[in-house]
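> Attaching a predicted model along with its sequence, questions to come.
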Amino acid sequence: MTFPPLATQVPPPLEQGGPPPRWRRWVLAGAFALAAFAIGAAFLHPRPPPPASGAKMSADAQGVTLPSGAPQWRYVELAVAAEKPPLPPLPAPARIGLDEKRTASVGAPLQGRIDSVSVHPGDEVKAGDPLFSVRSAAFADLDREAESAREQVATRRRVADRARDLLELKAIPERDALAAQADLTEAELALKAAEAKRRSLAVSPDGAERFVVRAPRAGTVVDLEAVAGQEVGPDRERPLARISDLSEVIILADVREADAADLKPGTPAAIRTRGGAEREGAVDRVSALLDPQRQTVEVRIRAANAGRALRPNAFAEVLFKPDDSTRRVQVPEEAVVSDGDTSLMFVSRGQGRLEKIKVEPGRHREGQVELRAGLTPGQAYVARGALLLLNQVDLSAD
């Protein structure tokens, strides 16, 4: 079954010269408005020009050249070097020791056996107080030697006096009188030697074969190894007792090499013990050697010990006070890069040229590093992106 064709009705043609329909007028007006808006936007917001075709980075063994249009500038930041007060050093671990100038070691000057001990570690003693007694046959020998020398002097003095009288009577030749006088002089010298030997022992006799060792100075018994019944003698390596004046002590601090560079005798230091005691001191000496195990420098601090708060052999912490009159260039840590054992930075030479220089870093604190040499105040340097530049330099060498 077929359907008959649909009849279409053709609208009558417009009359020539008549006005256009209203909807066409609105379409034309909108088109003109859009065109005007596009032209205005083009003038107000021009498109950015394309980057210069020659803005490329170049590198060599000495540094990097970055033209003004190079994209690497987005990762590189320049700054101007400036001096600032020194960074404070980190607290250094330390141990409290004795002042050798205020400490005396005591031993047994003669072979013998300790009979009794009169003190204990930590006791306060005065000069001359008894420490321990020793029973010794050698001490009796010294007394006998001195007594024999006295008798010899007395005998030879009588002989010399008689020889002098006989010489006046011309009963003997002069040479005999001179020989008698020489023998007397020799005996007197032997007596002086025996008495000096006895005095050098610095002990007090306590019977025929017993002597007492006394404190050579006032202070505290800081070490005692004397025990009753112990065999002792002058060949012993360690002292039997040590006495020290603890009114002033020595603190031995293990300081990092970078922190020790600015320390010198007289530098103020604060000492704090684990028990909370705090005292002030000053640097006495900075060692010229580096400990091979700890990689630290030993610094001696001398401190007054009022109240005996700083106890020998105790651990402590030392904080050194930096000299505010000293000023150093400080830069961000990321500005300093390492090439093996060498510390490097990049400085601006102008016209986009960034060259590497050697620097000597010092203390590192809170993202900053002190420079001891290499960079001068007012010099422009790469504060960010130094590692990127060093990689480019290394690649140029390959």
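Yes, it's here.
> okay, CA-based contacts and neighbour counts for the rest of this
Noted.
> Just checking: what are the partner strands of whichever helix or strand Arg300 is part of?
Using DSSP states H and E, the element containing Arg300 is strand 296-304. Counting by DSSP bridges, the strands paired with strand 296-304 are strand 248-256 (antiparallel), strand 278-286 (antiparallel).
> how far out from the middle of the chain is the last one?
Centroid separation for strand 278-286 versus its chain: 12 Å, with Cα atoms, centre = their mean, to the nearest Å.
> same question for it, mean pLDDT?
Average pLDDT, strand 278-286: 94.
> Out of the strands paired with strand 296-304, which is closest to Pro361?
With Cα to Cα as the criterion, Pro361 lies closest to strand 248-256 of the strands paired with strand 296-304, at 13.2 Å.
> in that closest one, what counts as buried?
Glu248, Val249, Ile250, Ile251, Leu252, Ala253, Asp254, Val255, Arg256 (16 or more other Cα atoms under 10 Å).
> ok, which pair from those is furthest apart?
It's Glu248 and Arg256 that sit farthest apart of the buried residues of strand 248-256, by Cα to Cα, at 25.3 Å.
> Now that we have the buried residues of strand 248-256, can you turn them into JSON lines and tack on distance to Ala386 and pLDDT?
Listed next are those as JSON lines, based on distance: Cα to Cα, whole Å; pLDDT from 0 to 100:
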{"residue": "Glu248", "distance to Ala386": "50", "pLDDT": "95"}
{"residue": "Val249", "distance to Ala386": "48", "pLDDT": "96"}
{"residue": "Ile250", "distance to Ala386": "45", "pLDDT": "96"}
{"residue": "Ile251", "distance to Ala386": "42", "pLDDT": "96"}
{"residue": "Leu252", "distance to Ala386": "39", "pLDDT": "96"}
{"residue": "Ala253", "distance to Ala386": "36", "pLDDT": "96"}
{"residue": "Asp254", "distance to Ala386": "33", "pLDDT": "95"}
{"residue": "Val255", "distance to Ala386": "30", "pLDDT": "93"}
{"residue": "Arg256", "distance to Ala386": "26", "pLDDT": "90"}
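> Would you confirm that Glu334 contacts Arg384?
Yes. When contacts are counted by Cα atoms under 8 Å, Glu334 is listed as touching Arg384 (6.4 Å).
> ok, of the buried residues of strand 248-256, which one's closest to Ala228?
Nearest to Ala228, judged by Cα to Cα, of the buried residues of strand 248-256 is Val249 at 30.7 Å.
> Write down the beta-bridge partners of the closest one, one by one.
Applying DSSP bridges, one finds that Val249 bridges with Ala303.
> any idea how far the residue positioned nearest the centre of the chain is from Val297?
Nearest to the geometric centre of the chain sits Val255, at 2.3 Å (Cα atoms, centre = their mean). Using Cα to Cα, to the nearest Å, Val255 is found at 5 Å from Val297.
> Likewise for Asp284?
For Asp284, the distance to Val297 - Cα to Cα - is 13 Å.
> more crowded one of the two?
Set Asp284 next to Val297 and count neighbours by other Cα atoms under 10 Å: Val297 wins out with 23 against 17.
> and the residue lying closest to Asp245 once chain neighbours are set aside, what does it touch?
Nearest non-adjacent residue to Asp245, counting by Cα to Cα, 6 or more residues apart in numbering: Gly219, 4.4 Å away. Counting by Cα atoms under 8 Å, 6 or more residues apart in numbering, Gly219 makes contact with Glu124, Val125, Lys126, Ile243, Ser244, Asp245, Leu246.
> again, only this time at 6 Å
Glu124, Val125, Ile243, Ser244, Asp245 (Cα atoms under 6 Å, 6 or more residues apart in numbering).
> neighbours of Ile357, just the number please.
Neighbour tally, Ile357, other Cα under 10 Å: 15.
> Do I have it right that it meets Ser348?
No. Ile357 is beyond contact range of Ser348, at 10.5 Å (criterion: Cα atoms under 6 Å).
> So Arg158 belongs to a strand, correct?
No. With DSSP: H, G, I helix; E, B strand; the rest coil as the criterion, Arg158 is located in helix rather than a strand.
> Can you name the residues bridging to the residue nearest to Asp245?
Val125.
> Where do the helices of the stretch 251-398 of the chain begin and end?
257-260, 386-397 (DSSP state H, counting those that start in this stretch).
> so what's Ala383 closest to, chain neighbours aside?
Ala335 (4.8 Å).
> which residues does that neighbour contact?
Listed by Cα under 6 Å, 6+ apart, the contact set of Ala335 reads Ala383, Arg384, Ala386.
> Quick check, pLDDT for the last one.
The reference is to Ala386. 92.
> The residue lying closest to it once chain neighbours are set aside and Ser68: what is the separation?
Distances taken as Cα to Cα, 6+ apart place Ala335 nearest to Ala386, at 5.8 Å, with adjacent residues excluded. Ala335 sits 21 Å away from Ser68, going by Cα to Cα.
> And Leu178, by the same measure?
110 Å.
> Over to Val80?
Taking Cα to Cα, one finds Val80 at 19 Å from Ser68.
> Point out where the stretch 51-200 of the chain drops to low pLDDT.
Applying pLDDT under 70 to the stretch 51-200 of the chain flags the ranges 51-55, 200.
> And for Ala160, the neighbour number?
With other Cα under 10 Å as criterion, Ala160 counts 21.
> Tell me how many other residues crowd the residue lying closest to it once chain neighbours are set aside.
Nearest residue to Ala160, sequence neighbours excluded (Cα to Cα, 6+ apart): Ala180, at 4.8 Å. Using other Cα under 10 Å, Ala180 has 19 neighbouring residues.
> and what of Pro91?
19.
> thinking again about what came up before, out of the contacts of Gly219, who's the most crowded?
That'd be Ile243 among the contacts of Gly219, by other Cα under 10 Å, with 28 neighbours.
> That residue: which element?
strand 241-244.
> helices and strands around that strand, which ones?
Other helices and strands packing on strand 241-244, by 3 or more Cα pairs under 6 Å, 6 or more residues apart in numbering; DSSP states H and E, are strand 103-106, strand 219-224.
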